[in-house]
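1. sequence and predicted structure below; questions after.
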Amino acid sequence: NAIVATPNFVSAWSNIMRPDYPTFKTIELSDLPLLSEYLLRYQPEICELSSANLFIWHNFDRGSYTFINNNLCLKINLINDTPYFLEPIGDSLIPETAALCLNETGRLSRVSERLLKQLPLNKVRAHCLRSQNDYIYQTGSLAEYKGGNFDGKRNHVKRFAKLYPNFVYTPIDRSFKPAALALFEKWFAARKETHFFQKLAYNAQRQALENSFNYFSELKLIGGGLQAGGELKSFVIGSPLNSKTIDAHFQYSDPTATGATQTLWQKACTETFPDFTYINFEQDLGIPGLRKSKLSYHPEKIEKKYEVRLKPGVTSLL
């Protein structure tokens with residue numbers, strides 16, 4: 001059950017249960033109720049601030065957290081990269097909190113325009129991270145594929161139905177783990193020699209997918225899959241990002257099943273995610289083919305993210 005939100009980001013949890021700066025705690029499954037409480041009230045728009053994502057990718061991101069001025073501060077410690085903070089989650093002394101974060105790591109990254117509006121822009125350098133921007137769509141638009149912009153999508157849906165006239169779309173849960181991992185391997189095998197997979201680590205993706213199925217209910221994940229001829233042809237897994245948006249964490253399709261992806265999105269937005277106004281397809285990581293694919297679904301909005309550092313010569317944000 002969700003924790004009842006208390007006003008002004010005052011936690012319903014005892015301070016004894018949480019780390020306060022300069023103490024940090026590694027993100028574990030047991031931390032998600034506390035993190036979710038803050039994120040629920042913050043109503044984030046970007047996928048990095050999904051409590052499910054924070055755990056799904058914890059083996060790769062090596063995330064930890066602390067509290068500064070009663071704001072939740074998430075620190076990412078990627079292998080082969082310098083640490084950075086995500087934007088502070090809360091509403092108390094945000095410039096002062098960001099100043100401490102910048103002193104700690106030298107940068108904030110993947111932050112939204114929402115945070116930029118609270119910072120003294122004469123003291124910071126904000127660089128838009130195009131490859132990290134999120135793609136936001138109307139679920140109703142993908143459920144219907146109406147209009148000339150979606151002629152190609154409708155044609156792919158027809159081709160899939162012709163190839164697999166007896167296909168079924170069904171909700172998925174942790175019992176689909178073996179089939180989903182088998183499909184992931186098939187999808188990976190078709191791409192491992194391409195530039196695409198020079199950017200995406202196989203081990204990180206597989207571990208994240210395994211985390212999703214191992215803790216499916218604990219992470220409050222929902223999803224659906226296309227089955228035909230006794231095989232899983234495509235599937236999607238997501239979780240609520242805010243009250244109006246579902247975040248699609250994973251989507252994989254059989255590379256030999258023409259039209260599977262287009263059919264999956266239509267079915268998922270019709271049957272699994274209809275209570276959400278928007279669906280977040282997350283970022284394209286600067287991969288040309290992935291960017292082209294995500295743009296082809298005609299996003300309602302591209303949610304920008306930034307990296308923030310102090311301007312040269314500036315020693316403090318305050």
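-> That came through, no problem. Owing to the predicted nature of the structure, the values given are computational and were not obtained by experimental measurement.

2. residues contacting Val308?
-> For Val308, the contact set (Cβ atoms under 8 Å, 6 or more residues apart in numbering) comprises Ala98, Leu102, Arg107, Leu108, Ser109, Val111, Leu115, Leu116, Leu119, Val124, Arg125, Ala126. All C-beta atoms are positioned from the backbone trio N, CA, C, and that covers glycine.

3. in the sheet, who's paired with it?
-> Val308 forms beta bridges with Leu108, Ala126, as assigned by DSSP bridges.

4. go ahead and confirm Cys47 touches Gln283.
-> Yes: at 7.1 Å, Cys47 counts as touching Gln283 under the criterion of Cβ atoms under 8 Å.

5. anything in contact with each of those two?
-> Asp134.

6. measure the residue minimising distance to the centre of the chain to Ala182 for me?
-> The centroid of the chain falls nearest to Cys47 when counting by Cα atoms, centre = their mean (3.2 Å). Separation of Cys47 from Ala182 (Cβ to Cβ, to the nearest Å) stands at 26 Å.

7. likewise for Leu226?
-> Counting by Cβ to Cβ, the separation of Leu226 from Ala182 is 14 Å.

8. re earlier: find the nearest non-adjacent residue to the residue nearest to the centre of the chain, please.
-> Excluding its sequence neighbours, the residue lying closest to Cys47 (Cβ to Cβ, 6 or more residues apart in numbering) is Glu282, at 4.5 Å.

9. contacting residues around that neighbour?
-> Contact partners of Glu282, counting by Cβ under 8 Å, 6+ apart, are Cys47, Asp134, Tyr135, Asp247, Ala248, His249.

10. tell me how many other residues crowd the second one.
-> By other Cβ atoms under 10 Å, 25 other residues sit near Asp134.

11. for the fourth one, same thing?
-> Using other Cβ under 10 Å, the number of residues around Asp247 comes to 25.

12. so it sits against Ser50, correct?
-> Yes: the criterion here is Cβ under 8 Å, and Asp247 meets it with Ser50 at 5.0 Å.

13. pull up the overlap in contacts between the two.
-> Common contact partners of Asp247 and Ser50 (Cβ under 8 Å, 6+ apart): Ser239, Leu241.

14. right, I'll leave it there.
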